[in-house]
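Student: no sequence on this one, just coordinates:
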C-alpha cells in the first residue's frame, strides 16, 4: 500500500512556493527545482488548485501561488488533495457473501472488522491533521534556505 | 491508496478459524464461507503462514489452523503479513534532485517532510497494534455466531 509519489512532490512544492515568497511560479520552474516531470507535476498542481491549496494565474508572468498561509494547511489537506480517499482498508462486506452470508441473519450494525480498522485510520488522519506545513517549514527555514529556493525557482 | 482486499479476507478468515474451534479447515471451505476465489485466498493464507498466524497441515484431513490464540494477534500483525510495508508515504528524496539538489548543501539529517509523514504513520501502526483480534471476536461472539461459522466451514 503506497501513496502516490505526488504527495511528496506536492508537499515540497508548497513549501518551496512559500519559501520563495508565495508565487506565482510556473510549473516548469516548480518541476525543475526537484527534477520532476512537468506534465505529472502539473496534474498534481491542478489537484492542489481544486483543493484551494494553490491558485493559478494565467499569462506569461503567471503560474501557481499559494492558496493561503501554510499555517492553515495540514498534511491531511495535502494527502486528501492528491490521494482523495484516505481510508486504506477496503471493506467489501464479505461477511454478507458466501455460505456465511446465507446462514447469518442480515447484520444490523457495521462490520466490527471495518470499525476496528477505521478506528486506527482515524488516529492516522488526526495525526496528519495535527501537523501544519508551517511547522514543517519552521524546521527548514533560514535565510540560506530561502536563497537556495529562490535561486532554484528562477526561470532558466 | 488502498490496502489489498486480502487484508479483509485474512481478518475474517482468522476470526472464522477461531470461532469454529481453531482448525484445521481446508482453503476450499475457508473460501466458500465468504464466496472468495480459492487461489487468491490460498495466497493470503500462505502469507499468514509465513508470518506464523496460521499453520498448515497437509493431508486429506489437513488444512489451516490458527498459529496461536487471537489474544496474541493484532491488526498490525495481519496488515503486515498481507501488505508487508506499512509506510504508505513514498519518500524518493526529491530534495536532493534537480536544481534544489544542485544548489543545496548535502543534507545531514533526514528530510523533515518524511519525518512528519512517518510521525503520523507511527500513530496509525500503534493504533493497529493496540487492537487484538480477540477484542474484535468479543464483539461478534455468541453461541449462535459460533454455530453459523461452524456450519459455514463444513465440507460440502
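Tutor: Great, that's in hand. For clarity, every value in this text was computed on a predicted model and none was experimentally measured. Residues are numbered from 1 along each chain as shown, chains lettered A, B, ... in the order given.
Student: what is the neighbour count of the residue nearest to residue A:63 when sequence neighbours are not counted?
Tutor: Ranked by CB to CB, 6 or more residues apart in numbering or on different chains and with sequence neighbours excluded, the top spatial neighbour of residue A:63 is residue A:24, at 3.6 Å. C-beta: built from backbone N, CA, C; applies to glycine. Around residue A:24 there are 18 other residues, counting by other CB atoms under 10 Å in any protein chain shown.
Student: wait, doesn't residue A:24 sit right on residue A:60?
Tutor: No - in this structure, residue A:24 is not within contact of residue A:60 by CB atoms under 8 Å, at 10.8 Å.
Student: which secondary structure element contains the most centrally placed residue in chain A?
Tutor: To find the centre residue of chain A, average its C-alpha atoms and take the closest one (CA atoms, centre = their mean): that gives residue A:78, at 2.4 Å. According to DSSP states H and E, residue A:78 maps onto helix A:75-83.
Student: any buried residues in that helix, and which?
Tutor: Applying a neighbour-count criterion of 16 or more other CB atoms under 10 Å in any protein chain shown, one finds A:75-83 buried in helix A:75-83.
Student: can I get the residues you listed in JSON lines with pLDDT and distance to chain B?
Tutor: What follows is those, written out as JSON lines (pLDDT from 0 to 100; distance: CB to the nearest CB, whole Å):
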{"residue": "A:75", "pLDDT": "98", "distance to chain B": "6"}
{"residue": "A:76", "pLDDT": "97", "distance to chain B": "8"}
{"residue": "A:77", "pLDDT": "97", "distance to chain B": "13"}
{"residue": "A:78", "pLDDT": "98", "distance to chain B": "10"}
{"residue": "A:79", "pLDDT": "97", "distance to chain B": "8"}
{"residue": "A:80", "pLDDT": "96", "distance to chain B": "11"}
{"residue": "A:81", "pLDDT": "97", "distance to chain B": "13"}
{"residue": "A:82", "pLDDT": "96", "distance to chain B": "10"}
{"residue": "A:83", "pLDDT": "93", "distance to chain B": "5"}
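Student: tell me which residues touch the residue nearest to the centre of chain A, please.
Tutor: Shown in contact with residue A:78 (CB atoms under 8 Å, 6 or more residues apart in numbering or on different chains): A:7, A:10-11, A:14, A:48, A:53, A:133.
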